[in-house]
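A.B. asks: Quick one, what's the 3D model for this:
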Amino acid sequence: MTIKTKITQEDYRAFISYVVRSVSAPSNDRIVWVTIIAAIGLGLGLAIALLHLSLNPTALPALVAAALIGAFMVTTVFAAVSRRQIRRLRPSDDGLFLGAQQVTLGDDGIHQESSHHQALYRWPLVQSVGITEQHVFVMVDRIGGIILPKRAFSTDGEREQFVSEIRSRSGKVL
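C.D. replies: So this is what the prediction gives:
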């Protein structure tokens with residue numbers, strides 16, 4: 001069975017989101033980091049406000065305001081830097097991940113081919129198949145896989161047959 005598709009930046013972003021969700025700890029790392037960053041900002045704000053308070057003992061409202069503003073500013077800066085870094089990690093339009101691709105299920109594994117590369121993922125390498133609202137992700141590593149937009153399949157039945165064949169050939173219930 002062969003599927004032809006064109007992978008876009010949006011497909012790649014969806015893949016990265018899927019990977020991040022699948023490898024994230026159940027404790028929700030984002031909340032932990034926001035709390036740590038806010039605490040640092042709060043500490044800096046308190047330090048600045050205490051310095052001001054020692055100069056003017058009636059400035060308690062300034063202490064609270066400075067602490068809150070400090071926490072907000074540090075959190076905002078860290079979030080902006082993080083978003084900027086994520087945007088810079090996107091793949092090239094003419095590179096390995098994006099553009100026209102062909103994925104074929106063969107006896108020896110999954111063949112993936114584009115104008116820039118050819119790859120063979122042998123069946124034992126397949127770890128799981130992730131199905132989202134818009135994509136099928138064939139995971140061949142914790143952070144690596146094959147991106148197949150649902151639009152690449154002519155019908156839901158074709159997509160289900162493709163996924164079923166991967167499950168059958170890989171020898172795993174995924």
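A.B. asks: domain assignment for the protein?
C.D. replies: Residue ranges for the domains of the chain, per automatic domain parsing: 2-22+92-170, 25-88.
A.B. asks: Least reliable of these by average pLDDT, please.
C.D. replies: In terms of average pLDDT, domain 25-88 trails the rest of those, at a mean of 66.
A.B. asks: ok so, going back, just put the domains of the chain in CSV and tack on mean neighbour count.
C.D. replies: (Glycine included, C-beta is placed from N, CA and C.) Formatted as CSV, those follow (neighbours: other C-beta atoms under 10 Å):
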stretch, mean neighbour count
domain 2-22+92-170, 15
domain 25-88, 13
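A.B. asks: ok, and what's touching stretch 115-133?
C.D. replies: With C-beta atoms under 8 Å, 6 or more residues apart in numbering as the test, stretch 115-133 has contacts from 14, 18, 22, 94-96, 99-100, 108-113, 136-142, 145-146, 150, 163, 166-167, 169-172, 174.
A.B. asks: From those, which land in helices?
C.D. replies: 14, 18, 22, 163, 166-167, 169-170 (DSSP state H).
A.B. asks: Out of the residues you listed, which comes closest to residue 154?
C.D. replies: Closest approach to residue 154 among those (C-beta to C-beta): residue 163, at 14.6 Å.
A.B. asks: isn't that closest one right next to residue 136, touching?
C.D. replies: Yes: judged on C-beta atoms under 8 Å, residue 163 makes contact with residue 136 at a distance of 6.3 Å.
A.B. asks: Surely residue 23 touches residue 143?
C.D. replies: Yes: counting by C-beta under 8 Å, residue 23 does reach residue 143; the two are 6.9 Å apart.
A.B. asks: so who does residue 13 touch?
C.D. replies: residue 90.
A.B. asks: Kindly report the same for residue 135.
C.D. replies: 11, 14-15, 18, 147-150.
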